[in-house]
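*Asks:* have a look at this fold, sequence not included:
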DNA sequence: CTAGGGTTAG
């Protein structure tokens, strides 16, 4: 009798296990669980582990936990399965905490455990916790395992510690570095605004002739890097690889391409790629809407949005932000306000800080500053989000020369202690443009006293696939080209004077090779970096080709004016990507119609 | 039986 029931169990078990592996819903896992209980075999560690994993896969960590708690014996697989369940179920902190639990239970973690724990830390973007996991993995001898090390690279990258990520990557045995490891290191760079380094690493992999076909993960990471830094040349080359390796139907790749072309100043290509996507989901739609917004094509962005809704695609919070941006950059202020106030009822999305900031910016840009202040106060935003909101108001006040309101916004800003550099510079510039240079200088000396430094503004231009970066007021290294560049800008300045231009674009210093750039001493900086980049473009990019310049800050109105004039003088097209949007200069005017 | 990577915004 007993022998026959054991025999039945032995034949049924593999079947039930197979059933579990294919199960994706709670009901079928539960019913298999019941059958296993009837057979009396559930108490073995292996069958319980199968059940644990199945509960986690179908998203019911609570059931998994119950089962786990009732297990008389647990091994490393049981612990790791549960950990993976927590990590995937949006409770990464609980996942990592299990590491301590298993130590108490006397179970030794393995490579699976550490990679799961590291990936949980990545989700948390918590370098401190991640470092502890790293240390434990090191002690246990798993830190150089291919998967564990790759998870650590990803973790450090997501936690903003690129240097640590690179250290783990470099410490891996060469044989352990596979496509995933390389792709993870590239995304670590790309996600930390170090796109040029991501591209260099990609090139390194390429030039070493490693026999590693780029998969769609790697290609989208690199494409993302190209988008971030506006490297059209490399981006096109990567597009070619996408074709050669047959990834052009992949939607994630297509989105990366849409994004890359739009951020490199090629809206038309971006739109072409988008139009080839068969059934675009919310992300490609959002991407093209944001792109359209950045080119100042507000009406077109709104049309794309209504297409999307007609197709039954649910917008998300990012989509609505994109649509608000479109309204903002095109002066469709009342449409934008209606959208803000109806997004909850129409699309079920609660406006959050970024939506309010965008709307406040839209009102401010349009000069409706009283309304902007009212909305800013009503929105009840606090924390770091509030800094963004008030900084944006501050720059609107400056643009519309409303010093009294600027001071109010400035007071709000000065309550913050972190990341205030940008706002303080805006405040100083506000005083400067109102002619109060002493107040402006006071803000600077206050910043110096508090040790607050601002990332310098810079611009860059890609020439024959190589980026050239410029900082305000200086050209280096000293070379024949540098001198030619200065002469050209002087010449342009002269021609612009005849057309009534009052700014100054020549006279940057040429730095000698061994000379270090000094700290900016005061409010006045020299020639802005975008003009230097433009000058190089004029020197070396053949006539007939558009010159594309990228900048890490917003374009100032003097430079904007200069670009317009020069486009008329030399009869060429320039595309400038600034922090927020694109400007397309042609025949003396700009696509933004001076509204930005 | 348990593990790592990619897309939209800021």
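*Replies:* Done, it's in. Just so it is clear, the structure is predicted and the values come from calculations on it, not from any experiment.
*Asks:* contacts and neighbour counts: CA atoms only from here.
*Replies:* Fine.
*Asks:* show me the contacts for residue A:425.
*Replies:* A:443-444 (CA atoms under 8 Å, 6 or more residues apart in numbering).
*Asks:* where's it, which helix or strand?
*Replies:* Taking DSSP states H and E as the definition, residue A:425 sits inside helix A:421-433.
*Asks:* spatially nearest residue to residue A:565 (excluding sequence neighbours)?
*Replies:* In space, and not counting its chain neighbours, residue A:565 is closest to residue A:588: 5.0 Å by CA to CA, 6 or more residues apart in numbering.
*Asks:* would you mind measuring from that neighbour to residue A:503?
*Replies:* For residue A:588, the distance to residue A:503 (CA to CA, to the nearest Å) stands at 16 Å.
*Asks:* who's more crowded, the two?
*Replies:* Regarding residue A:588 and residue A:503, a neighbour count based on other CA atoms under 10 Å identifies residue A:588 as having more, with 18 against 14.
*Asks:* pLDDT at that one, what is it?
*Replies:* Here, the pLDDT recorded for residue A:588 equals 94.
*Asks:* phi, psi of it?
*Replies:* phi 80, psi 0 (degrees, to the nearest 10).
*Asks:* show me the contacts for it.
*Replies:* Taking CA under 8 Å, 6+ apart as the criterion, residue A:588 is in contact with A:563-569.
*Asks:* which parts of the stretch 201-350 of chain A sit against DNA strand B?
*Replies:* Contacts of the stretch 201-350 of chain A with DNA strand B, taken as CA under 7 Å from any atom of the strand, map to A:215-218, A:220-221, A:224, A:250-253, A:255-256, A:259, A:282-284, A:286-287, A:290, A:318-319, A:321-322, A:325.
*Asks:* please enumerate the helices of the stretch 451-596 of chain A.
*Replies:* Listed in chain order, the helices of the stretch 451-596 of chain A (DSSP state H, counting those that start in this stretch) span A:480-498, A:529-540, A:557-570.
*Asks:* deepest in the core, which of those helices is it.
*Replies:* Mean neighbours per residue, mean count of other CA atoms under 10 Å, is largest over the helices of the stretch 451-596 of chain A for helix A:529-540, with a mean of 22.
*Asks:* for the residue nearest to the spatial centre of chain A, give its distance to DNA strand B.
*Replies:* When CA atoms, centre = their mean is applied to chain A, the residue found nearest the centroid is residue A:191 (5.8 Å). Separation of residue A:191 from DNA strand B (CA to the nearest atom of the strand, to the nearest Å): 7 Å.
*Asks:* so is the helix holding residue A:425 next to DNA strand B?
*Replies:* No: against DNA strand B, helix A:421-433 shows no contacts by CA under 7 Å from any atom of the strand, the least distance being 12.3 Å.
*Asks:* and whichever helix or strand comes after that helix, what does it pack onto?
*Replies:* Downstream of helix A:421-433, the next assigned helix or strand under DSSP H and E is helix A:437-449. Contact here means 3 or more CA pairs under 8 Å, 6 or more residues apart in numbering; DSSP states H and E; on that basis helix A:437-449 packs against helix A:421-433.
*Asks:* next, the angle from the helix it packs on to helix A:437-449.
*Replies:* 160 degrees (axes from the mean of the first three to the mean of the last three CA atoms, to 10 degrees).
*Asks:* and helix A:421-433, how far from the chain's centre?
*Replies:* Centroid separation for helix A:421-433 versus its chain: 26 Å, with CA atoms, centre = their mean, to the nearest Å.
*Asks:* quick check: mean pLDDT of it?
*Replies:* Averaged across helix A:421-433, the pLDDT comes to 72.
*Asks:* quick one: buried residues of that helix?
*Replies:* A:421-432 (16 or more other CA atoms under 10 Å).
*Asks:* now swap in stretch A:256-274 and tell me
*Replies:* Neighbour-count burial for stretch A:256-274 [16+ other CA under 10 Å]: A:256-267, A:270-271, A:273-274.
*Asks:* okay, now the nearest residue to residue A:505 once chain neighbours are set aside: neighbour count?
*Replies:* Computed as CA to CA, 6+ apart, the closest residue to residue A:505 that is not its neighbour in sequence is residue A:527, at 5.4 Å. By other CA under 10 Å, 21 other residues sit near residue A:527.
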